[in-house]
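Visitor: Test case, fold it:
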Amino acid sequence: MPARKRNRNRVTSKPKAVSLTYKIQKQDGRLVQVCRAAFLGIVGVKKDRILRLAKTFMYTGKTPKENRGEDHVKDKKEKKLSLKTFIESLKCTENHYFRSDTPYRVYLPCDLNIRKLWKMYNDQADTNVKVKHCFFRNYFNKNYDVGFGTPQTDICSTCLQYKDKIKRCN
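Guide: Residues are numbered from 1 along each chain as shown. Okay, the predicted model is just below:
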């Protein structure tokens, strides 16, 4: 005796809304109809993904838009341009000891750091071009060769003269 009885007169399943045919393009350009198992094995995707694509195409007439991997930062070009003008407006000094080794390396005062620069930028920036700290840090590190504080391994005569002048003024 069966565990459950079912009424064979009643139709319980819905009729199929759509029937799919699976075709693969051969090297000579001809399309060959294959079964679903072969199609899924060749393409390397699961059945549900194919059915979702077919259903979306049937209702909208378009394939669904891929949302993965998109850059979610809005107005990125405008923000980068604003960051560029801000960073290039900063007063930098050269390292006069090793100019030939690092000709493009410049230095900001030692009391600054990236977080302080980011706060200064966001304080003066409009609301539509304000950025997060990680965005500022990545842009700053990738596009500029800027250090903080002048390296003072030993002091040259020019530096000594300037320090003496500063001390005499006080």
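
Visitor: use CA for all of it now, contacts and neighbours both
Guide: Noted.

Visitor: contact partners of stretch 32-48?
Guide: With contact meaning CA atoms under 8 Å, 6 or more residues apart in numbering, stretch 32-48 is reached by Thr21, Tyr22, Lys23, Ile24, Gln25, Lys26.

Visitor: Show the residue spans covered by the strands in this structure.
Guide: Secondary structure of the chain (DSSP state E): strands located at 22-25, 31-34, 93-94, 106-108, 146-148.

Visitor: which residues are in contact with the first one?
Guide: It stands for strand 22-25. By CA under 8 Å, 6+ apart, the list of residues contacting strand 22-25 from outside reads Leu31, Val32, Gln33, Val34, Cys35, Arg36, Phe39.

Visitor: and that strand, which residues are buried?
Guide: In terms of neighbour count (16 or more other CA atoms under 10 Å), strand 22-25 has no buried residues at all.

Visitor: Rounded mean pLDDT for it, please.
Guide: Strand 22-25 carries an average pLDDT of 92.

Visitor: what does the last one give?
Guide: Computed over strand 146-148, the mean pLDDT rounds to 84.

Visitor: Ranking by neighbours, what's the top pick from the contacts of strand 22-25?
Guide: For these, counting by other CA atoms under 10 Å, the largest number of neighbours falls to Phe39: 19 neighbours.

Visitor: before we move on, the earlier item: among the contacts of strand 22-25, find me the one that's closest to Lys65.
Guide: Taking CA to CA as the measure, Phe39 is the one of these closest to Lys65, at 22.2 Å.
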